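*Asks:* Let's see this in three dimensions:
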Amino acid sequence: MVPIPGASAFLAALVASGLPTDSFRFSGFLPSKRGERWAALETIKTSPRTQVFYEAPHRIVEALADVVEALGKDRHVVIAREVTKLHEEFLRGRAGEVLETLKSRDGVKGEITLLIGKPDDEDARVGTDAFVRPSVRQRVRADHGGRESRREGRAERK
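*Replies:* Sure, this is the predicted structure:
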């Protein structure tokens, strides 16, 4: 037998999440019953690793509300939706903020990966754009004091 690499939503979501990847745990789906889900969340409350779960789209708001209650509204989370597909989306930020974003939508569709950062992650950036890594262009501009390089400027005018 020879292993063949294939699509793995949780691994792709973890890599693109911006959360620490040095230590993580993938646990499949969170339990669908609230009491069991709370028990699962309690076990990871002080875990020193990034937690990765799958979640059903019709349960993601409820599950994230439990994350806010059990782990706190400031816990860093990432909702990765439709990873590697046409409508791929990453919602990154504090659990309370991401929950409000999801609540404001008219439903959530697609395959969902829920990533929960470790508590008090000092490497994570705070704010609405938490975990968004700067693009190569943004890093080049920062290195050049905010100015574009000649080459970069020409490429944009074409």
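*Asks:* how far away is residue 64 from residue 110?
*Replies:* Using C-beta to C-beta, to the nearest Å, one gets 15 Å for the distance from residue 64 to residue 110. Glycine gets a C-beta too; all of them are placed from N, C-alpha and C.
*Asks:* Neighbour count for the two, which is higher?
*Replies:* residue 64 (26 against 14; other C-beta atoms under 10 Å).
*Asks:* that's a strand at the more buried one, yeah?
*Replies:* No. According to DSSP: H, G, I helix; E, B strand; the rest coil, residue 64 belongs to no strand; its state is helix.
*Asks:* This protein: strands as residue ranges?
*Replies:* With strands called from DSSP state E, the chain shows them at 24-29, 50-55, 76-81, 89-94, 112-116.
*Asks:* could you give the angle of the second one to strand 76-81?
*Replies:* Compare the direction of strand 50-55 with that of strand 76-81 by axes from the mean of the first three to the mean of the last three C-alpha atoms, to 10 degrees and you get 40 degrees.
*Asks:* Can you point out the buried residues in strand 50-55?
*Replies:* Buried residues in strand 50-55, defined by neighbour count with 16 or more other C-beta atoms under 10 Å: 50-55.
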